[in-house]
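Enquirer: could you work out the structure for the sequence below:
(2 chains)
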Amino acid sequence: MTFEQSLSRLEEIVRDLERSDVDLERALLLFEEGITHLRSAGAALKQVDARVQQLVEAADGSFSVVEFGS
Amino acid sequence: MSARRASGYGPSVTDDAAPGTAPESAIAVHTLTTAAKDLIEGAFPPLWVRGEVSDFKAHRNGHWYFALRDAEAQVKCVIWSSAARRLPAPPDDGMQVLALGQMTVWPVRGDLQFSVTKLEAAGDGLWRKALEQTRLRLERDGLLDAARKRTLPAFPRRIVVITSLDGAAMHDIVTVARARSADVELVMVGARVQGDGAPESLVAALAQVSRWGDADLLIIGRGGGAREDLWAFNDERVARALAACPLPTISAVGHETDITLCDLVADVRAATPSAAAELAVPSRREVAGRIQSLGSRLVSAAKRREDRAVAALSQVQKRLGMAATRVVERRRSRVELLAGQLQALSPLSTLARGFAVARTPEGATLSEREQFVPGAPFDLWLRDGIVQAIAGVNRPLPRDATGVLEEEQG
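Expert: Numbering: from 1, shown residues only, chains lettered A, B, ... in the order given. Coordinates of the predicted model:
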């Protein structure tokens, strides 16, 4: 699951939990799932700065991405 | 020129007549018109001329012909195809223009001709006309429909940037992306963004990105410049290639006030390349804040749900207890009522009040005189014991005794 999907699932879970009619068993499952997404989203944030790359197309039409200026 | 004039048309010191000075030395027509052309071209430097366009014709071979005129005069004009290609659009008849050109003679017809290399219409007329014509074609093909606009991904992982690799735009985009310091990869694809070949270069870069496709978002643009410098982004081929891009697109050309066809076709228009980077790259601080707020909402929502469950449980317990108590009490009072009724009906209570009951030795109650056989034994049940008795003769109750009995029973 991408960071974006993880975060939007988290939004959905929080909205569901904030509704008053969710039953208890489901609420507990949602909470557990929410915590999982919270952890993975938080971990994704700790990554490095923006990288600058360059697109290179080989003669055979295949592509590679190399560090800019290399 | 002067050498030719000296040898060709000037007074001659020789006996031979100079060409054209006598019937015998008559010159050819083309010699005359070519000489006139050389003379005129030598006499006029390139000049800007203002006037109104009339009788405009674009020839199949790419040359444009028209006349420039004012109230008193007119001159025939040509724009050769090489110069026409550099102009955004052909002029319309009646358009007020400024034309830079060379006065000359067209030897073939002997006409005076103004050979134009640059043409500017009042109020950027040609540029606006070209833009409008292209815009209409794009609009007709539905490329400007609002419904076509895709939403940008909130957290792009990889962003392709098509721009000049040594331009200000690239620098601005990288700087902003680094400042927002989110986890993104910028993939640069170089292209000429102005001058000859710029549209072709931009189209090639777009085609390459479309073939590759392994990114979440495209930014195409360049920094500010003169209108002519931005013109490649108004090229129809570039606009169409941008519209065909499979990735969501942001166009960022020039400054706030410059709006190009690429801006109209792109999913999102950014005012500048820096603004494009701000739109594209989420700020790590904002994202962290959002995650934090989602986390605390998650925990407090779960806590509230838990509190509510606990409250509901204790409420249920209380109601259960109350219901149980009510059931027991209802049963108890019913038992008491029945016991009272039972008590009232019990023969023992009658006996307690001093009555006796006659029964057969087998225990059947004897309540009518026909049941007594004179001389037969029977038992009398009293408050404190049983007495055996023998039945005598029987007779009906005296008439006035009924009331006494009823009174006794009531």
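
Enquirer: alpha carbons only for contacts and neighbour counts from here, please
Expert: Will do.

Enquirer: contacting residues around residue B:194?
Expert: By C-alpha atoms under 8 Å, 6 or more residues apart in numbering or on different chains, residue B:194 lies in contact with B:228, B:229, B:230, B:231, B:232.

Enquirer: if we use 7 Å, what do you get?
Expert: Residue B:194 is in contact with B:229, B:230, B:232, counting by C-alpha atoms under 7 Å, 6 or more residues apart in numbering or on different chains.

Enquirer: tell me who's in contact with residue A:53.
Expert: Applying C-alpha under 7 Å, 6+ apart, the residues contacting residue A:53 are A:65, A:66, A:67, A:68, B:185, B:186, B:187, B:188.

Enquirer: can you check the pLDDT for the residue lying closest to the fourth one once chain neighbours are set aside?
Expert: If I follow you right, that is residue A:68. Leaving aside its chain neighbours, residue A:68 sits nearest to residue A:53 (4.4 Å; criterion: C-alpha to C-alpha, 6 or more residues apart in numbering or on different chains). As predicted, residue A:53 sits at a pLDDT of 87.

Enquirer: any idea how far the helix or strand where residue A:53 lies is from the chain center?
Expert: Secondary structure assignment for residue A:53, by DSSP states H and E: strand A:51-57. A distance of 23 Å separates the centroid of the chain from that of strand A:51-57, by C-alpha atoms, centre = their mean, to the nearest Å.

Enquirer: over to stretch A:37-54?
Expert: With C-alpha atoms, centre = their mean as the basis, stretch A:37-54 stands 9 Å off its chain's centre.

Enquirer: tell me the contacts of residue 63?
Expert: Using chain A here. Applying C-alpha under 7 Å, 6+ apart to residue A:63 gives the contacts A:56, A:57, B:212.

Enquirer: meant chain B, my bad for not saying
Expert: By C-alpha under 7 Å, 6+ apart, the neighbours of residue B:63 are B:79, B:80, B:81, B:84.

Enquirer: list the buried ones in stretch B:149-165?
Expert: Neighbour-count burial for stretch B:149-165 flags B:149, B:152, B:155-165 (criterion: 16 or more other C-alpha atoms under 10 Å in any protein chain shown).

Enquirer: quick one: what helix or strand has residue B:116 in it?
Expert: strand B:111-121.

Enquirer: between strand B:111-121 and the following helix or strand past that strand, find me the angle.
Expert: Sequence order places helix B:125-140 as the next helix or strand after strand B:111-121, per DSSP H and E. Calculated by axes from the mean of the first three to the mean of the last three C-alpha atoms, to 10 degrees, helix B:125-140 forms an angle of 60 degrees with strand B:111-121.

Enquirer: packing partners of helix B:125-140?
Expert: Helix B:125-140 is packed against no helix or strand, with contacts defined by 3 or more C-alpha pairs under 7 Å, 6 or more residues apart in numbering or on different chains; DSSP states H and E.

Enquirer: then that helix to CSV, C-alphas only?
Expert: Taking Å, rounded to 0.1, in the frame of the first residue of the first chain, the C-alpha atoms of helix B:125-140 are listed here in CSV:
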residue,chain,number,x,y,z
GLY,B,125,-2.9,41.2,-33.1
LEU,B,126,-1.1,38.4,-34.9
TRP,B,127,-0.1,36.7,-31.7
ARG,B,128,-3.6,37.0,-30.3
LYS,B,129,-5.0,35.8,-33.6
ALA,B,130,-2.7,32.8,-33.8
LEU,B,131,-3.4,31.9,-30.1
GLU,B,132,-7.1,32.3,-30.6
GLN,B,133,-7.2,30.1,-33.7
THR,B,134,-5.2,27.3,-32.0
ARG,B,135,-7.3,27.7,-28.9
LEU,B,136,-10.5,27.2,-30.9
ARG,B,137,-9.1,24.1,-32.5
LEU,B,138,-8.1,22.6,-29.1
GLU,B,139,-11.5,23.6,-27.7
ARG,B,140,-13.3,22.0,-30.6
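
Enquirer: quick one: strands adjacent to the next helix or strand after that helix?
Expert: Counting by DSSP H and E, the next helix or strand C-terminal to helix B:125-140 is strand B:158-163. Counting by DSSP bridges, the strands paired with strand B:158-163 are strand B:185-190 (parallel), strand B:217-222 (parallel).

Enquirer: could those go into TSV alongside distance to residue B:398, mean neighbour count and mean pLDDT?
Expert: Converted to TSV, these look like this (distance: least, C-alpha to C-alpha, whole Å; neighbours: other C-alpha atoms under 10 Å in any protein chain shown; pLDDT from 0 to 100):
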stretch	distance to residue B:398	mean neighbour count	mean pLDDT
strand B:185-190	124	22	92
strand B:217-222	121	28	94
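
Enquirer: looking at these, spot the one closest to residue B:94.
Expert: Within the strands paired with strand B:158-163, the stretch nearest residue B:94 is strand B:217-222; the backing value is 35.5 Å (C-alpha to C-alpha).

Enquirer: with just CA atoms, put that closest one into CSV.
Expert: The C-alpha coordinates for strand B:217-222 follow below in CSV (Å, rounded to 0.1, in the frame of the first residue of the first chain):
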residue,chain,number,x,y,z
LEU,B,217,3.1,13.6,-12.1
LEU,B,218,4.5,15.9,-14.8
ILE,B,219,5.6,19.5,-14.5
ILE,B,220,6.4,21.2,-17.8
GLY,B,221,7.5,24.8,-18.0
ARG,B,222,10.2,27.5,-18.1
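
Enquirer: after it, which helix or strand is next? Please name it.
Expert: Per DSSP H and E, the first helix or strand lying C-terminal to strand B:217-222 is helix B:227-230.

Enquirer: which strands and helices lie in contact with the helix or strand that that following helix is followed by?
Expert: Next in sequence after helix B:227-230, counting helices and strands by DSSP H and E, comes helix B:236-243. The helices and strands touching helix B:236-243, judged by 3+ C-alpha pairs under 7 Å, 6+ apart, are helix B:198-212, helix B:261-265.

Enquirer: what sits up against the next helix or strand after helix B:236-243?
Expert: Using DSSP H and E, the next helix or strand after helix B:236-243 towards the C-terminus is strand B:249-253. Strand B:249-253 is contacted by residues B:217-224, B:262-263, B:266-273, B:276 when judged by C-alpha under 7 Å, 6+ apart.

Enquirer: can you give me the helices in the chain?
Expert: In the absence of a named chain, chain A is used. Along chain A, counting by DSSP state H, helices occupy A:3-18, A:24-45.

Enquirer: sorry, I should have been clearer: chain B.
Expert: Per DSSP H, chain B carries helices over the ranges B:2-8, B:29-43, B:81-84, B:125-140, B:168-180, B:198-212, B:227-230, B:236-243, B:261-265, B:273-280, B:284-345, B:347-352, B:401-409.
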